[in-house]
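quick one, what's the 3D model for this:
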Amino acid sequence: MKVEVKILKAENLSEKMQYANQVYNLLEVAYTDCGGINLANGFTDADDMVNSIPVWRLTFQNKELISAMLFKEKSGYLKMVAYAPLTAIDPHIRKSDLLFMLNNSYAELSGKLLSITLKEIQSTWKNYVSEHPKVFLQKNLISLRDHLKTEILPSNSEVMYRKLEMDYPELIKCCYLRKIGNELKLKVLFKPGKKLYGANL
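Numbers count the residues shown, from 1 in each chain. Predicted coordinates for the structure are as follows:
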């Protein structure tokens, strides 16, 4: 099993164009159950993805594309904005992808990707999860605890909330709600391991 990882940046335009449709199709399948890849990831189609998303991490097995992780650049950091696949992949390769994300970027995670990431780092999540996402993101986020004092939990976050409540109760204080499309969604911020200019890319 020969595994190769390629990091493509803005200057690798021709390679990005070569893989664009494969990457987009892989992401489209992974995000089908949560509103679609176009909902909040900053691009509308494969061509827009090439022009809008500067850093791609692609993993190949025997020259076949098996995973893709995309990053934007924000305030000197990388921000992970899309990843696929979540489950149909060798767990060792997925763990390598997720550790790269945790150590080289920040990410607002929810749903299945949040669940899988926590499972991979269940003994060390405190090293990565931000207790002050409003400060880091400089956005007016809704604290989950504040929301629940007066409002019910959004239906799309019920399963995730129950899982966190059972398996990671200390993490509840770090959760917040953010509007994605037309609905609020539970999120957790995983803070970056290093500045973009210090990342081993």
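
contacts for the lengthiest helix in the chain, please.
Longest helix of the chain, by residue count under DSSP state H: helix 13-30. Helix 13-30 is contacted by residues 6, 8, 36-37, 41, 45-47, 49-50, 56, 58, 65, 67-68, 70, 82-86 when judged by Cβ atoms under 8 Å, 6 or more residues apart in numbering. Placement of C-beta: from N, CA and C, glycine included.

out of those residues, which end up buried?
8, 37, 41, 46, 49-50, 56, 58, 67-68, 70, 82-84, 86 (16 or more other Cβ atoms under 10 Å).

please pull out the lowest mean pLDDT helix or strand from the chain.
Within the chain, no helix or strand scores below strand 176-180, which has a mean of 89 by mean pLDDT, DSSP states H and E.

buried stuff in it?
Those buried within strand 176-180 under the rule 16+ other Cβ under 10 Å are 176-178, 180.

show me where the protein has its strands.
Listed in chain order, the strands of the chain (DSSP state E) span 3-8, 55-61, 64-74, 77-84, 107-109, 142-143, 176-180, 183-190.

work out the gap between the longest helix of the chain and the centre of the chain.
Centroid separation for helix 13-30 versus its chain: 17 Å, with Cα atoms, centre = their mean, to the nearest Å.

same check on stretch 143-155?
On Cα atoms, centre = their mean, the centre of stretch 143-155 falls 23 Å from that of its chain.

name the residues that touch that stretch?
Stretch 143-155 is contacted from outside by 161, 172-173, 175-177, 183-186, using Cβ under 8 Å, 6+ apart.

format those residues as CSV; extra columns: distance to His147.
Below are those laid out as CSV (distance: Cβ to Cβ, whole Å):
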residue, distance to His147
Tyr161, 11
Ile172, 12
Lys173, 13
Cys175, 9
Tyr176, 8
Leu177, 6
Glu183, 13
Leu184, 8
Lys185, 12
Leu186, 10
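
of these - the most surrounded one?
Compared across the contacts of stretch 143-155, Cys175 has the highest neighbour count, 26 neighbours, by other Cβ atoms under 10 Å.

could you measure from the nearest residue to that residue once chain neighbours are set aside over to Leu186?
Using Cβ to Cβ, 6 or more residues apart in numbering and skipping the chain neighbours, the partner closest in space to Cys175 is Leu144 (4.0 Å). Using Cβ to Cβ, to the nearest Å, we find Leu144 at a distance of 6 Å from Leu186.
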